[in-house]
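Engineer: could you look at this predicted model? Sequence included:
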Amino acid sequence: MEDPRAHARELARESIARGDATGWFEQLYRESERDGLAISWVDLAPNPYLVEWLYGRSASPSGRALVVGCGYGDDAELLAALGLEVVAFDISPTAVDHCRSRFPESPAQYVVADVLAPPPEWTGAFDLVFEAYTVQVLPGAARAACARSIAGMVAPGGIVLAVARSRRQEDPEGLMPWPLTREELDAFLIPGMRLTNLRELVEPGDPPVPRFVAEFSRH
Ligand SMILES: C[S@@+](CC[C@H](N)C(=O)[O-])C[C@H]1O[C@@H](n2cnc3c(N)ncnc32)[C@H](O)[C@@H]1O
């Protein structure tokens, strides 16, 4: 059977070549539901950097949280279990349906939406916005547009926590998922936003995976 990441790359390549930067996500989730194929990023557990960030704080965050590109919902469920009022969204209706049937009693609200054109009422509406690995699966100008859109959904006093693969500017762009450069993180810095913490780490593995865990705050 084809390697799940190679398969995702092939779907991404075909979709982008058709001029559709995001159509392949629904295709992949649908195939996975139908044929039981693995999806490379699905681990059915909360993001470990979100967990570390949450438990490294003196006080739990509160208020409204938004989870971007929520996949199968594990990050949303963690935040909901901590008492946040959670909206989690994904561009893939199949992924969103999966969340709803996986967590039928969840207080989290699962919604189909496009980060590049979010509902207007989400502007400036969330105390915490969590983004993991969505910017890096988008091509070209959509990456900065995605980061700006995410930043635009944070309320005054709120935080964006963003996790991504990273690369140095001089390194090759590589294959999907395309790691972010330090410069690309600046797209989150819309007026009122500042970078309040940046961890640059290398996750052990073969090969090791460099990552950013970036916290932005809005004043
Ligand atoms: C690499 S996956 C990461 C999923 C999840 N955040 C995680 O860490 O497991 C990227 C997710 O973003 C979703 N996505 C891609 N483009 C999107 C867009 N324009 N708007 C909303 N979701 C999007 C995909 O369907 C997919 O679930």
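Structural biologist: Alright, I've got the coordinates. Since we're looking at a predicted model, the values are computed, not measured.
Engineer: what about the nearest residue to residue 76 once chain neighbours are set aside, distance to the ligand?
Structural biologist: Of all residues not flanking residue 76 in the chain, residue 88 sits nearest, at 3.5 Å (C-beta to C-beta, 6 or more residues apart in numbering). Yep, even glycine has a C-beta here, placed from its N, CA and C like the rest. The gap separating residue 88 from the ligand is 9 Å, by C-beta to the nearest ligand atom, to the nearest Å.
Engineer: now the strand or helix carrying residue 88: average pLDDT?
Structural biologist: Per DSSP states H and E, residue 88 falls inside strand 85-90. For strand 85-90, mean pLDDT rounds to 98.
Engineer: how far is that strand from where the chain is centred?
Structural biologist: Chain-centre distance of strand 85-90: 11 Å, with C-alpha atoms, centre = their mean, to the nearest Å.
Engineer: and for stretch 45-54?
Structural biologist: 13 Å.
Engineer: got a list of contacts for that stretch?
Structural biologist: Contacts to stretch 45-54, defined as C-beta atoms under 8 Å, 6 or more residues apart in numbering, come from residues 60-61, 74-75, 77-78, 82, 130, 132, 161, 163, 199, 211, 213, 215.
Engineer: if you set the cut-off to 6 Å instead, what comes out?
Structural biologist: 74, 75, 78, 132, 161, 163, 213 (C-beta atoms under 6 Å, 6 or more residues apart in numbering).
Engineer: again, but for stretch 3-23
Structural biologist: Stretch 3-23 has contacts (C-beta under 6 Å, 6+ apart) with 24, 27, 28, 38, 40, 91, 139, 142, 175, 176.
Engineer: out of the contacts of stretch 45-54, which touch the ligand?
Structural biologist: residue 132 (C-beta under 6 Å from any ligand atom).
Engineer: spit out the contact partners of the residue nearest to residue 76.
Structural biologist: Shown in contact with residue 88 (C-beta under 6 Å, 6+ apart): 67, 70, 76, 108, 110.
Engineer: please redo it, this time with the cut-off set to 10 Å
Structural biologist: Residue 88 makes contact with 65-71, 73-77, 79-80, 95-96, 99, 103, 106, 108-111, 113, 130, according to C-beta atoms under 10 Å, 6 or more residues apart in numbering.
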